[in-house]
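Asks: predicted model and sequence below, questions to follow.
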Amino acid sequence: MTWQFRPARPEDAQWLWQLRNTPSVRLASLNTEPIAWHSHQDWLAATLADPAQRLWLAAPRQGAEAIGQLRLDFRTGQCLMSWSLMPEWQGLGLGKSLLCTWCQGIDVELWAQIRLQNHPSNQIARAAGFTCVRQTDILGHWCRAGRTLTDLQTITHWP
């Protein structure tokens, strides 16, 4: 599969809000509460304006509609990654394909926090080269080895 990634834009707000509020995505998220529209709008505007964050939409081929998203957050000094797919595309192996494709050629240390009960995302992280290095009561802390970043601005090429 040839994934196409593009940076998220303000006009993607409705689609991203729907994705973020699907029951399966809420259940897998650190905060499981539904997201109000105004809160989502504020979050998206802040995310798009923040040089320490990146957000991409992912489509399974050139010209296709997006079916998922990938996000990097460097605000804590670690490159924390998250991903999600629209529910109708979950369970088909596309999450694994999406993350493995995105990670190809990216030689930076990446982190992910995944709920222990989120078995699909734990398997996806493992397939993409992440290792669970620590667990808390509800979260696995996953790391994909690579060079350490000082900030996201030092990377000139992303997928």
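Replies: Perfect, I can see it now.
Asks: which residue ranges of the chain form strands?
Replies: Along the chain, counting by DSSP state E, strands occupy 4-7, 53-59, 68-73, 80-85, 110-115, 131-135, 139-144.
Asks: touching, Asp107 and Thr148? I think so.
Replies: No: here Asp107 does not reach Thr148: they are 10.8 Å apart, not a contact under CB atoms under 8 Å. Just so you know, the C-beta spots here come from the backbone N, C-alpha and C atoms, and that holds for glycine as well.
Asks: the residue of the chain positioned farthest from its centre and Arg115: what is the separation?
Replies: Seen from the C-alpha centroid of the chain, the residue lying at the greatest distance (CA atoms, centre = their mean) is Asp137, 22.0 Å away. According to CB to CB, to the nearest Å, Asp137 stands 10 Å off from Arg115.
Asks: equivalent analysis for Ala49, please.
Replies: Taking CB to CB, one finds Ala49 at 28 Å from Arg115.
Asks: could you pull out the helices for the chain?
Replies: 13-20, 23-28, 37-49, 94-103, 119-127 (DSSP state H).
Asks: and the residue nearest to Ser97 when sequence neighbours are not counted, what does it touch?
Replies: Ranked by CB to CB, 6 or more residues apart in numbering and with sequence neighbours excluded, the top spatial neighbour of Ser97 is Met1, at 5.3 Å. Residues in contact with Met1, defined by CB atoms under 8 Å, 6 or more residues apart in numbering, are 60-61, 94, 97, 101.
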